[in-house]
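Student: 3D model of this:
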Amino acid sequence: MAFSSKDLSVLAYANGFTLWHYTTVDLATDVDTSGYFDDAANIVRVGDMIMANVDTDGTPASGIFLINANAAGVVDVADMTTVGGTDLD
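Tutor: Numbers count the residues shown, from 1 in each chain. Predicted structure coming up:
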């Protein structure tokens, strides 16, 4: 799939920093591809973080992406830092 602006929302904003939430059926490896968030280039800034729920129609995962570049309309995020761990139950 591709980025969907309706699935990106602001959780908090302070001091020039925005914490976002994004949900998608896409895999984390697709979301962290340079250019995935290009359609949001006018609203996301370097240093912003995106709390994400990925692969929501398969094996769901959650984590944090850091916006590490946004220049000339091209947005790049660092690989997802996973949140959660192994469920031993």
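Student: following the top strand by length along the chain, which helix or strand shows up next?
Tutor: Secondary structure of the chain per DSSP state E: the longest strand is strand 61-71. The first helix or strand that comes after strand 61-71 along the chain, using DSSP states H and E, is strand 74-77.
Student: Give me the helices and strands touching the helix or strand that that following strand is followed by, please.
Tutor: Downstream of strand 74-77, the next assigned helix or strand under DSSP H and E is strand 81-82. Where contact means 3 or more C-beta pairs under 8 Å, 6 or more residues apart in numbering; DSSP states H and E, strand 81-82 is packed against strand 61-71. Using the backbone N, CA and C atoms, a C-beta is placed for each residue, glycine as well.
Student: any residues touching the strand it packs on, and which ones?
Tutor: Strand 61-71 is contacted from outside by 22, 28, 31-32, 34, 37, 41, 44-55, 75-84, using C-beta atoms under 8 Å, 6 or more residues apart in numbering.
Student: what are the pairing partners of the helix or strand bottoming out on mean pLDDT in the chain, and which direction each?
Tutor: The helix or strand of the chain with the poorest confidence is strand 81-82; it has a mean of 92 (mean pLDDT, DSSP states H and E). Using DSSP bridges, strand 81-82 pairs in its sheet with strand 61-71 (antiparallel).
Student: list the contacts for the most centrally placed residue in the chain?
Tutor: By C-alpha atoms, centre = their mean, the chain has its centre lying nearest to residue 50, at 4.3 Å. For residue 50, the contacting residues are 8, 19-22, 44, 64-67, 77, by C-beta under 8 Å, 6+ apart.
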